[in-house]
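1. got a structure for you, letters missing:
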């Protein structure tokens, strides 16, 4: 639509149909036909709009009719122009509003995308914090459990050590008494057999008390009840204690071969390291069943210490191998495992600056390597 700030022409104001209808109306009012055109006829009078001649009106019965008709056309064109002006203003306003709405819509879309991105980032941070809190809770749980085991072991060691000590001492003294009484008794087959049986009973009892003392010592080493939270650790000693405890756990039926090299002491948390070694050995023991073997080796060089626990058990299926370090993941039947053993072991080794790697082949066995650095001051 043309902007009427410029000087309009007759065709801008009235289209051909409107001109024809207007001419027909004026012809009906006048006594002869009237024609409105942009071209000037001999008897035509000007048709003005805003003091400018925009067309010519010819025909009619007299000059007065033509003048009146031209005045009427100019009057009508004034309202036509006002209508057109109002329509143009409405059109421009509508276009401006639509453009503003489009701009606001784009701004809202950009804002929505920005807030969606912020929401995703916030959700990611929340998920990360939840994972950290969950991991911390598990570590606190494990720490509390280890502390409970340590206190229990301390109580057991205190309550058992003293009676075991005087029982063992009394048994050895009784064996000496029997040896002293032997020459004083009459030499008869019954007395000889009775003395031999008595000596055997005393020897078996002494062996039993030595075994109890050994188990108590292993418990003390495992729980590290006599050590501070952070101390210099003898990994070979911790490993032997863990082996003995696993043997006890599995009724001494495990075929465990120990090949331990001389190791330097390293700073660490003995109780957590003991728990780690026990978890790894217990996993190996459960994997081998009744016929498998477990090889335990330790190595040391200038860079660090390695503890290798290798078994000939069932191995880990490839489909689940990537999940074995995930918390709460377990292949054992429901209720027989928490799924935290390897997770705690890995985190403990990491806390000591080392790493835990696992190589397994289904049906052939599993090899776990625990690597720890030899830190300065060890």
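-> That came through, no problem. All figures in this text were calculated on a predicted structure; none of them were measured in a lab. Numbering: from 1, shown residues only.

2. mind listing what residue 287 touches?
-> Contacts for residue 287 (C-beta atoms under 8 Å, 6 or more residues apart in numbering) come out as 311, 313, 314, 315, 365, 366. For glycine as for every other residue, the C-beta is placed from the backbone atoms N, C-alpha and C.

3. nearest spatial neighbour of the first one, skipping sequence neighbours?
-> This points to residue 311. residue 284 (3.9 Å; C-beta to C-beta, 6 or more residues apart in numbering).

4. Tell me how many other residues surround that neighbour.
-> Number of residues near residue 284 (other C-beta atoms under 10 Å) recorded here: 26.

5. Point out where the stretch 151-300 of the chain drops to low pLDDT.
-> Per-residue confidence for the stretch 151-300 of the chain (pLDDT under 70) gives these ranges: 154, 218-229.

6. quick one, strands of it?
-> Ranges of strands in the stretch 151-300 of the chain, per DSSP state E, counting those that start in this stretch, are 231-233, 256-260, 266-268, 294-300.

7. ditto for the stretch 1-150 of the chain
-> In the stretch 1-150 of the chain, the strands defined using DSSP E, counting those that start in this stretch lie at 34-37, 45-49, 52-59.

8. so which of those strands gets nearest residue 204?
-> strand 45-49 (134.7 Å; C-beta to C-beta).

9. for the closest one, packing partners?
-> strand 52-59, helix 63-181 (3 or more C-beta pairs under 8 Å, 6 or more residues apart in numbering; DSSP states H and E).

10. Show the average pLDDT along it.
-> Averaged across strand 45-49, the pLDDT comes to 91.

11. contacts for that strand?
-> By C-beta under 8 Å, 6+ apart, strand 45-49 touches 8, 10, 13, 36, 53-58, 63, 66-67, 70, 73-74, 77-78, 81.

12. ok, now stretch 193-208?
-> 167, 168, 171, 172, 174, 175, 178, 181, 182, 185.

13. for stretch 294-307, same thing?
-> Taking C-beta under 8 Å, 6+ apart as the rule, stretch 294-307 contacts 235-236, 239, 243, 254-264, 266, 277, 281, 284-285, 288, 308-312, 354, 369-374.

14. May I see the buried residues of it?
-> 294, 295, 296, 297, 298, 300, 304, 305, 306, 307 (16 or more other C-beta atoms under 10 Å).

15. Now do the end-to-end distance for that stretch.
-> 13 Å (C-alpha to C-alpha, to the nearest Å).

16. ok so, going back, from the helices and strands packed on strand 45-49, which stretch is densest packed?
-> strand 52-59 (a mean of 20; mean count of other C-beta atoms under 10 Å).

17. Quick check: mean pLDDT of it?
-> 90.

18. Closest one to residue 19 out of the contacts of residue 287, please.
-> Ranked by distance to residue 19 (C-beta to C-beta), these are led by residue 315 at 99.2 Å.

19. In three-state terms, how would the closest one be classified?
-> Secondary structure, DSSP: H, G, I helix; E, B strand; the rest coil: residue 315 is coil.

20. do you know how far the closest residue to it other than its chain neighbours is from residue 291?
-> Leaving aside its chain neighbours, residue 315 sits nearest to residue 362 (4.2 Å; criterion: C-beta to C-beta, 6+ apart). Distance of residue 362 to residue 291, given as C-beta to C-beta, to the nearest Å: 17 Å.

21. In terms of neighbours, single out the busier of these two.
-> Legend: neighbour count by other C-beta under 10 Å for residue 362 and residue 291, higher for residue 362 (14 against 8).

22. Now that the more buried one has come up, it's in contact with residue 320, right?
-> No: the pair residue 362 / residue 320 is not scored as a contact, 9.9 Å apart, by C-beta atoms under 8 Å.

23. returning to that earlier point: same list (the buried residues of stretch 294-307) but as TSV, adding distance to residue 112.
-> Supplementary listing: these in TSV, determined by distance: C-beta to C-beta, whole Å:
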residue	distance to residue 112
294	60
295	61
296	60
297	61
298	60
300	61
304	53
305	56
306	55
307	55
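
24. Most widely separated two among those?
-> 294 and 304 (22.7 Å).

25. Identify the residues contacting the closest residue to residue 209 other than its chain neighbours.
-> Using C-beta to C-beta, 6+ apart and skipping residues adjacent in sequence, the residue nearest residue 209 is residue 168, 4.1 Å away. Listed by C-beta under 8 Å, 6+ apart, the contact set of residue 168 reads 206, 209, 210, 213.

26. separation between residue 168 and residue 360?
-> 44 Å.

27. just to revisit the earlier point, do you know which of the strands of the stretch 1-150 of the chain lies nearest residue 106?
-> Closest among these, once you apply C-beta to C-beta, is strand 45-49, at 42.7 Å.
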